[in-house]
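*Asks:* coords please:
(3 chains)
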Amino acid sequence: MAYWLFKSEPFKWSWEMQKAKGAAGQEWDGVRNYQARNNMRAMQVGDRGFFYHSNEGKEIVGIVEVCGLVHPDSTSADPRWECVDVRAVEDMPKPVSLEAVKANPKLAEMALVKSMRLSVQPVRDEEWDEVCRMGGLL
DNA sequence: GCCAACGTTGGC
DNA sequence: GCCAACGTTGGC
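*Replies:* Below is the predicted model of the structure:
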């Protein structure tokens, strides 16, 4: 199983909205970046991801699970844009802020720090564990 | 609201 | 295929 990180501006699509979708989940639409799309193409059902609030909050607030393989983005007429479906799994007991991630030397190589603008990012196993630990999971 | 970083577009 | 112009993202 692979790990990922999904960024969203809470005014557009928040963790609360994601949770309201329940087990059915929701397509992760609106991505218009090749690297982010390619990451979604690499996802398998059952993969897990962090849900990150950009702009407002700037913290990892929850865990999602990929519940639908990549398919055309229903919000785009352009067939190049595809997305997966994700469902909320659980809250971060203690949200992990960008500041805390940057302050942790173990997370210096995280895409969240290194590739700031990439909206769908891969997360390494060690990074996943470390962020979960910081967030009060594990 | 500003602006730096970075991705995309389009003229040549 | 290069690169300047432009648009967008996202931290501050």
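*Asks:* Show me what the lengthiest helix in chain A is packed against.
*Replies:* Counting by DSSP state H, the longest helix found in chain A is helix A:125-134. Packing contacts for helix A:125-134, counted by 3 or more C-beta pairs under 8 Å, 6 or more residues apart in numbering; DSSP states H and E, involve strand A:3-8, strand A:48-53, strand A:82-97. For glycine as for every other residue, the C-beta is placed from the backbone atoms N, C-alpha and C.
*Asks:* Now do the longest one: which elements does it pack against?
*Replies:* With contacts defined as 3+ C-beta pairs under 8 Å, 6+ apart, strand A:82-97 has these neighbours: helix A:15-20, strand A:26-27, helix A:34-41, strand A:48-53, strand A:59-72, helix A:125-134.
*Asks:* The third one and DNA strand C, are they touching?
*Replies:* If I follow you right, that is helix A:34-41. No - Helix A:34-41 stays clear of DNA strand C (C-beta under 7 Å from any atom of the strand), getting no nearer than 8.6 Å.
*Asks:* pLDDT of that helix, averaged?
*Replies:* Averaged across helix A:34-41, pLDDT comes to 94.
*Asks:* From the rest of the structure, what touches it?
*Replies:* A:4, A:28, A:31, A:70, A:80-84, A:118-122 (C-beta atoms under 8 Å, 6 or more residues apart in numbering).
*Asks:* Kindly recompute the last result at 6 Å.
*Replies:* A:31, A:70, A:82-84, A:118-120 (C-beta atoms under 6 Å, 6 or more residues apart in numbering).
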